[in-house]
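**Student:** I'd like to go over a predicted model; first the sequence, then the structure.
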Amino acid sequence: MNIALKEIVKNKVRFSILGSIILLVSLLTFIISGLANGLSQDNASLIKDLPSGQLYMNKEAEGTYNLSRIDPDIQEKINSQQKEAVAFSIQMGFLNDESGKQRSVAFVTSTESKLFQKVKPGEIVLDRSLEEEGIKVGDTLTHDQFSGKLVVKSFVDQKKFSHAPVAYISMENYKEIYRTEDMQLVFVPTAESSLLFKDLQSFSNRDFLKTIPSYSAEQTSLNMIIWFLVVISGMLFGIFFYMMNVQKIGLFGILKAIGLKTSDLFKMMWTQMLFITLSALALSITFSQLFTSLAPKDIPFILTIETTLQLAAVFLIIGFIGATLSGIQMKRVEPLQAIQQGEV
Amino acid sequence: MLTMDNVRKTYVVGDVKEEILKGISMSLHEGEITALVGPSGSGKSTLLTIAAGLQRASDGHVLFEGENMTTMRPEQVRNIRASKFGFVFQFAHLVPFLTVEEQLILMLDVSASKMKKNETKQEINKVLQLVGIEHRKDAYPSSLSGGEKQRVAIARAIIHKPKVLFADEPTASLDSKKSNEVMSLIRDLTKTLKMTTLIVTHDEDMLRYADHIIKMSDGKIL
Ligand SMILES: Nc1ncnc2c1ncn2[C@@H]1O[C@H](COP(=O)(O)OP(=O)(O)O)[C@@H](O)[C@H]1O
Ligand SMILES: [Mg+2]
């Protein structure tokens, strides 16, 4: 006979309240995690989509990519050693569409590499989000610092930088617009952090993301909220079972007197904790997946089932710890004191 | 069945040591009710809980079926409590979220009785009939009267066929009619199930149900 479940059935309201709070907290956590991931894609998918490797900027830039200038000689030297190496630049700027409307984009240009779009002078390749805003292949776009025209050649999926759609242009056009011969960054795929070059500072992909000011600010604050919610849910379990257990001290004493083991009492509590958490998580996973498929497109929201399950596992572990800590009092209960206490 | 030999119990409260039991020796016998009487505070409950393995004596021996309980490991004592002892207290102390029938199933689970499922049902029905509460089988404790609760508590105390039944003031929360019913029930069960019963009471009226009477005062047997 499972007395843990019998208690839940007899005290439906009490346990449903805990279940609903866990449901809400976990759902909120899933949604914020989806938002954090969505924002991070929106902010830096250009970099996040690169295979793991090392990024280099010059030491004088002190970690600010748009102050970095890679000396052409060094670039040449790297290229001769590392066949896959690619030099590239990112500049925030504006494009005017045919109706004269300004569009904020991140211009990207690079040496030849399959990791970046190859674009001929006078052409431009854009992120898909601009197509959704009405720009079509063949449209002619202009730039205030550029004498010629840029014809839209194609669109690519999900290439963003600093929340702006990426616009790939040719090296020649880039040099004219920004009046510079140097590239800002060099990327060497599959390189280890031990691969160093003179006068260059190396960054892993992850470390480079952290140098984008808005990126760290967003991710740190959202991740803080997520962990805060996880800790709160653990405390909820602790407090809930603590209060339940305090009310049941007398009962525990009697159960121990008639021969129940302390471990039986713990198993009872763990069963209840598991039952409540699993039901609540099943619902909140369903809701969050529903939200993923129903959320409007312009909300940057990406929640994979893997992330959801990972967070769900964290909730289970935290719930277990919370409940177990509050259960220490069960161990201390003496059968005697309960008997002398009177009716429970 | 159960023998106590020169049992002493000292409580230490703060700096004060107080000897509550001052060398108690007695024997309990199968099929007989032994009643422990005496004024409040004379140490009756302390003696019963030591005999029942709910706390340890400071000195002396408690022998159950020839084995010394005072030197056993706690797990061994718990095992004896679960399978060989039954308990009834002043209050029924039923599990609030279990039905009458489930209270008994729980006790059978705890005592690790190896009854089969249909046997269990039969046994439970038999015991509920014995204590006269079979019609409240599916009721929860909150809907039972004081007398009914105490009957369920007695049913729980005997369902696993214990060797010894310990009852500490089982009638103290009942009126005299109900008290007499409960006492004659305990007497009948002791006789039919051949239990060894130790009962604590301060109600002189209940003594007529006992086979032996032990009078206590100030931690000593008179
Ligand atoms: N855990 C304890 N700590 C200290 N003193 C106790 C404890 N339990 C009982 N006593 C004392 O022991 C004495 C006997 O108590 P008890 O055995 O309950 O008596 P009775 O059941 O005869 O009324 C009382 O004076 C009581 O205050
Ligand atoms: Mg007493």
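**Tutor:** Done, it's in. Numbers count the residues shown, from 1 in each chain, chains lettered A, B, ... in the order given. Ligands and ions are numbered 1, 2, ... in the order given.
**Student:** If we ignore the residues flanking it in sequence, what's nearest whatever residue of the stretch 151-300 of chain A ends up closest to ligand 1?
**Tutor:** Here the residue of the stretch 151-300 of chain A nearest ligand 1 is A:Gly253; by C-beta to the nearest ligand atom that distance is 13.1 Å. (Each C-beta comes from the backbone N, C-alpha and C, glycine too.) Leaving aside its sequence neighbours, A:Gly253 sits nearest to A:Ala338 (C-beta to C-beta, 6 or more residues apart in numbering or on different chains; 2.1 Å).
**Student:** Next up, the contacts around A:Ser68.
**Tutor:** Applying C-beta atoms under 8 Å, 6 or more residues apart in numbering or on different chains to A:Ser68 gives the contacts A:Met57, A:Asn58, A:Glu60, A:Ala61, A:Gln184, A:Leu185.
**Student:** doesn't A:Ile90 make contact with A:Asn66?
**Tutor:** Yes. At 7.2 Å, A:Asn66 counts as touching A:Ile90 under the criterion of C-beta atoms under 8 Å.
**Student:** Give the residues shared as contacts by these two.
**Tutor:** A:Gln184.
**Student:** Which positions in the host helix or strand of A:Ser221 come out as buried?
**Tutor:** Counting by DSSP states H and E, the element that carries A:Ser221 is helix A:213-247. Residues A:215, A:218-219, A:222, A:225-226, A:229-230, A:233-234, A:236-238, A:240-242, A:244-245 are the ones in helix A:213-247 that count as buried (16 or more other C-beta atoms under 10 Å in any protein chain shown).
**Student:** contact partners of the very next helix or strand once past that helix?
**Tutor:** Proceeding N to C from helix A:213-247, the next assigned helix or strand is helix A:249-257, under DSSP H and E. The contact list for helix A:249-257, computed with C-beta under 8 Å, 6+ apart, reads A:245, A:262, A:264-265, A:329-330, A:333-339, A:341-344, B:54, B:78, B:81, B:87, B:93, B:95-96, B:110.
**Student:** again, only this time at 7 Å
**Tutor:** A:265, A:330, A:333-335, A:337-339, A:341, A:344, B:54, B:87, B:93, B:95 (C-beta atoms under 7 Å, 6 or more residues apart in numbering or on different chains).
**Student:** list the contacts for B:Ser11?
**Tutor:** Slight slip there: residue B:11 is Tyr, not Ser. B:Tyr11 sits in contact with B:Glu18, B:Ile20, where contact means C-beta under 7 Å, 6+ apart.
**Student:** how about the host helix or strand of it: buried residues?
**Tutor:** Here B:Tyr11 sits within strand B:2-13, counting by DSSP H and E. For strand B:2-13, burial by neighbour count (16+ other C-beta under 10 Å) applies to B:Leu2, B:Thr3, B:Met4, B:Asp5, B:Val7, B:Arg8, B:Lys9.
**Student:** Among the contacts of A:Ser68, list the two that are farthest apart in space.
**Tutor:** A:Glu60 and A:Leu185 (13.8 Å; C-beta to C-beta).
**Student:** between these two, who's got more neighbours?
**Tutor:** A:Leu185 (23 against 11; other C-beta atoms under 10 Å in any protein chain shown).
**Student:** Dig out what that one forms beta bridges with.
**Tutor:** A:Phe88 (DSSP bridges).
**Student:** and chain B, which of its residues are near ligand 1?
**Tutor:** B:Tyr11, B:Val13, B:Ile20, B:Gly38, B:Ser40, B:Gly41, B:Ser42, B:Gly43, B:Lys44, B:Ser45, B:Thr46 (C-beta under 6 Å from any ligand atom).
**Student:** Mind checking which of those land in strands?
**Tutor:** Here DSSP state E is the test, and the residues of chain B next to ligand 1 give B:Tyr11, B:Val13, B:Ile20 as lying in strands.
**Student:** Which of those residues scores worst on pLDDT?
**Tutor:** Confidence by pLDDT is poorest for B:Val13 among these, given 88.
**Student:** where do the strands sit along chain A?
**Tutor:** Going by DSSP E, chain A shows strands at A:53-58, A:86-96, A:102-110, A:123-127, A:140-141, A:150-156, A:160-161, A:164-168, A:185-189, A:200-204.
**Student:** Same list, the ones you listed, but as TSV with distance to B:Glu181 and mean pLDDT please.
**Tutor:** Formatted as TSV, the strands of chain A follow (distance: least, C-beta to C-beta, whole Å; pLDDT from 0 to 100):
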stretch	distance to B:Glu181	mean pLDDT
strand A:53-58	87	92
strand A:86-96	91	93
strand A:102-110	89	94
strand A:123-127	86	95
strand A:140-141	98	92
strand A:150-156	88	94
strand A:160-161	82	92
strand A:164-168	87	95
strand A:185-189	89	93
strand A:200-204	82	90
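**Student:** of those strands, which approaches A:Pro72 most closely?
**Tutor:** Here strand A:86-96 is closest among those (C-beta to C-beta), at 9.1 Å.
**Student:** buried sites along the closest one?
**Tutor:** A:Val86, A:Ala87, A:Phe88, A:Ser89, A:Ile90, A:Gln91, A:Gly93, A:Phe94, A:Leu95.
**Student:** Go ahead and confirm the last one touches A:Gln145.
**Tutor:** What that stands for is A:Leu95. No. The criterion here is C-beta atoms under 7 Å, and A:Leu95 misses it with A:Gln145 at 11.2 Å.
**Student:** show me where chain B has strands.
**Tutor:** B:2-13, B:16-28, B:33-37, B:59-64, B:67-68, B:85-88, B:164-168, B:196-200, B:212-217, B:220-221.
**Student:** most tightly surrounded among the ones you listed?
**Tutor:** strand B:85-88 (a mean of 27; mean count of other C-beta atoms under 10 Å in any protein chain shown).
**Student:** how about that strand, does it reach chain A?
**Tutor:** Yes. Contact of strand B:85-88 with chain A (C-beta under 7 Å from any C-beta of the partner chain) involves B:Phe87.
**Student:** Return the list of helices and strands in contact with that strand.
**Tutor:** Strand B:85-88 sits against helix B:146-158, strand B:164-168, with contacts defined as 3 or more C-beta pairs under 7 Å, 6 or more residues apart in numbering or on different chains; DSSP states H and E.
**Student:** This completes my enquiry, with thanks.
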